[in-house]
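Colleague: I'd like to go over a predicted model; first the sequence, then the structure.
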Amino acid sequence: MTTKREGETAMAGKLVVGTFVTLDGIMQAPGGPGEDPSDGFQHEGWLPPHLDEGFDRIMGPLFDRADGLLLGRRSYDILSSHWPNVPDEEGGAKINSMPKYVTTRTPRKAGWRNTEVLVGEAAETVADLKKRTDGVILVQGSSDLLRTLQRAELVDEYHLLVFPVVLGQGKRLFAEGTVPAGLKLSRAGTTDAGVVHLVYEWAGRPAYGTV
């Protein structure tokens, strides 16, 4: 059971992070060339060679469970240029119709249907979103936003898909300086392509001892 933070109410939304990572924790640009070449990243597109039916069986229920989608500016621009053109029967109906939230420090217009722009510091706007939203808010990708959410201890659950790839370069899910946290493993599985699916719930601060 997820540990309740100080100040949370029983109706608070649950923030769930769904992330693709390599074995060494890289989450940058899994989908393909042009997604995020920042900082000289040279390994865009490391995910597609490992897709199979097992991957679809994981991602389908994860999106079906979501009541809203939270994105950083870069991830929003990528997804909003793709999903409005996806047919309803291929998943477009669910994602295009669900509430979407994009964090930004600068006011902007959102052309993707059912999108609310959260203007301000993400730690504050997302905390407020959780208080006024009942249900599951899914964060997909958005590495820069994730660092802010981790520092503010706003993440309730991680769905990690760990791919059998080591890159040694790129943006990491848990970067240097991440706030320490204890996690509880609630589910684990694998696909035929060798992708490991791990579900962790936030469990407060780490416990320490001596061996």
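Modeller: Yep, that arrived. Residues are numbered from 1 along each chain as shown.

Colleague: Can you dump the C-alpha atoms of whichever strand or helix holds residue 101 in PDB for me?
Modeller: Under the criterion of DSSP states H and E, residue 101 resides in strand 100-104. What follows is strand 100-104, C-alpha atoms only, in PDB (Å, rounded to 0.1, in the frame of the first residue of the first chain):
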ATOM      1  CA  LYS A 100      -3.800  15.600 -20.500                       C
ATOM      2  CA  TYR A 101      -1.600  18.000 -18.600                       C
ATOM      3  CA  VAL A 102       1.600  19.700 -19.700                       C
ATOM      4  CA  THR A 103       3.900  21.600 -17.300                       C
ATOM      5  CA  THR A 104       5.600  24.800 -18.400                       C
END
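
Colleague: From residue 185, how far off is residue 196?
Modeller: 12 Å (CB to CB, to the nearest Å). Heads up, the C-betas are built off the backbone N, CA and C, glycines and all.

Colleague: neighbour count winner among these two?
Modeller: residue 196 (15 against 11; other CB atoms under 10 Å).

Colleague: Which residues does the more buried one form beta bridges with?
Modeller: residue 162, residue 190 (DSSP bridges).

Colleague: Could you tell me which residues make contact with it?
Modeller: Residue 196 makes contact with 160-162, 188-190, according to CB atoms under 8 Å, 6 or more residues apart in numbering.

Colleague: re the thing from before, mind giving me the packing neighbours of the strand holding residue 101?
Modeller: strand 68-71, helix 73-80, strand 115-119, helix 122-132 (3 or more CB pairs under 8 Å, 6 or more residues apart in numbering; DSSP states H and E).

Colleague: and that strand with helix 122-132, angle?
Modeller: 150 degrees (axes from the mean of the first three to the mean of the last three CA atoms, to 10 degrees).

Colleague: Would you enumerate the residues in contact with residue 109?
Modeller: residue 117.

Colleague: Relative to residue 103, how far out is it?
Modeller: Distance from residue 109 to residue 103, by CB to CB: 15 Å.

Colleague: Could you do residue 176 as well?
Modeller: Residue 176 is 22 Å from residue 103, by CB to CB.

Colleague: ok, the two, which is more surrounded?
Modeller: More neighbours surround residue 103 than the other of residue 176 and residue 103, with 25 against 5 (other CB under 10 Å).

Colleague: Tell me who's in contact with that one.
Modeller: Going by CB under 8 Å, 6+ apart, residue 103 touches 70-73, 118, 122, 125-126, 145.

Colleague: on that earlier part again, looking at the helices and strands packed on strand 100-104, which one is packed in the most?
Modeller: strand 68-71 (a mean of 25; mean count of other CB atoms under 10 Å).

Colleague: for the single longest helix found in the chain, which positions count as buried?
Modeller: Secondary structure of the chain per DSSP state H: the longest helix is helix 53-65. Buried residues in helix 53-65, counted by 16 or more other CB atoms under 10 Å: 54-55, 58-59, 62.

Colleague: in terms of contact, does residue 17 touch residue 159 like I think?
Modeller: Yes: assessed by CB atoms under 8 Å, residue 17 is found in contact with residue 159 at 6.8 Å.

Colleague: what's near enough to touch residue 158?
Modeller: 16-17, 19, 183, 198-200.
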